[in-house]
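# from the sequence below, what's the structure:
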Amino acid sequence: MRVKASVFVAVLCLMGGAVSLSAHHSFAAEYDANKPITITGTVTKLEWMNPHARFYVDVKEADGNLTHWNFELGAIPVLLKQGWRRDSLKAGDQVTVEGSRAKDGSTTANARSVKLPDGRRVFGGSSGGDTAPNQ
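Predicted coordinates for the structure are as follows:
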């Protein structure tokens, strides 16, 4: 009975490790550093959660259509060190984002830097970014 319990616990630990590994990805697996983008638009939502924070921006195109962008940021502890706060972005804020586009060509990107509504530029905490921008 003791052996069965030990095997059961070991299997649970291995499964838990596999789930967390599959949930995380490298920058290079999803984003293309050779496809830089800079967009300016209106924030619609901020998701402040691990493993990566995300925010969403609507961009009005020249033809009047809206394009909905999904930006990935780094981990919250990294963002806090870079000057981010949970309330740094709010729905309706105008921002300019520099980053790398997703390899699949979707309107998903990894944010390298974000110019906040108060004029500060903050690093996106990306593992794909070079360095933090000058404040």
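# the host helix or strand of Arg112 pairs with which strands, parallel or anti?
According to DSSP states H and E, Arg112 maps onto strand 108-115. Strand 108-115 has these partner strands in its sheet, going by DSSP bridges: strand 66-72 (parallel), strand 94-102 (antiparallel), strand 121-123 (antiparallel).
# give me the buried positions along the second one.
For strand 94-102, the neighbour count (16 or more other CB atoms under 10 Å) marks 95, 97-102 as buried. For every residue, glycine as well, the C-beta is placed using N, CA and C.
# got it, and the shortest one?
The neighbour-count criterion (16+ other CB under 10 Å) identifies 122-123 as the buried residues of strand 121-123.
# distance of the nearest residue to Met49 once chain neighbours are set aside from Thr107?
Leaving aside its sequence neighbours, Met49 sits nearest to Ile76 (CB to CB, 6 or more residues apart in numbering; 7.6 Å). Shown here: Ile76 relative to Thr107, a distance of 24 Å by CB to CB, to the nearest Å.
# swap in Gly92?
Gly92 is 20 Å from Thr107, where distance means CB to CB.
# and these two? Which one has more around it.
Taking neighbours as other CB atoms under 10 Å, Gly92 and Thr107 compare with Thr107 leading, 16 against 9.
# not counting sequence-adjacent ones, nearest residue to that one?
Nearest non-adjacent residue to Thr107 (CB to CB, 6+ apart): Trp69, at 4.9 Å.
# repeat that for Phe71.
Of all residues not flanking Phe71 in the chain, Ala111 sits nearest, at 4.3 Å (CB to CB, 6+ apart).
# got a list of what the one you found touches?
55, 71-73, 97-99, 124, 126 (CB atoms under 8 Å, 6 or more residues apart in numbering).
# now with 6 Å?
By CB atoms under 6 Å, 6 or more residues apart in numbering, the contact list for Ala111 reads 71, 73, 97, 99, 124.
# go on, Glu61?
Thr67.
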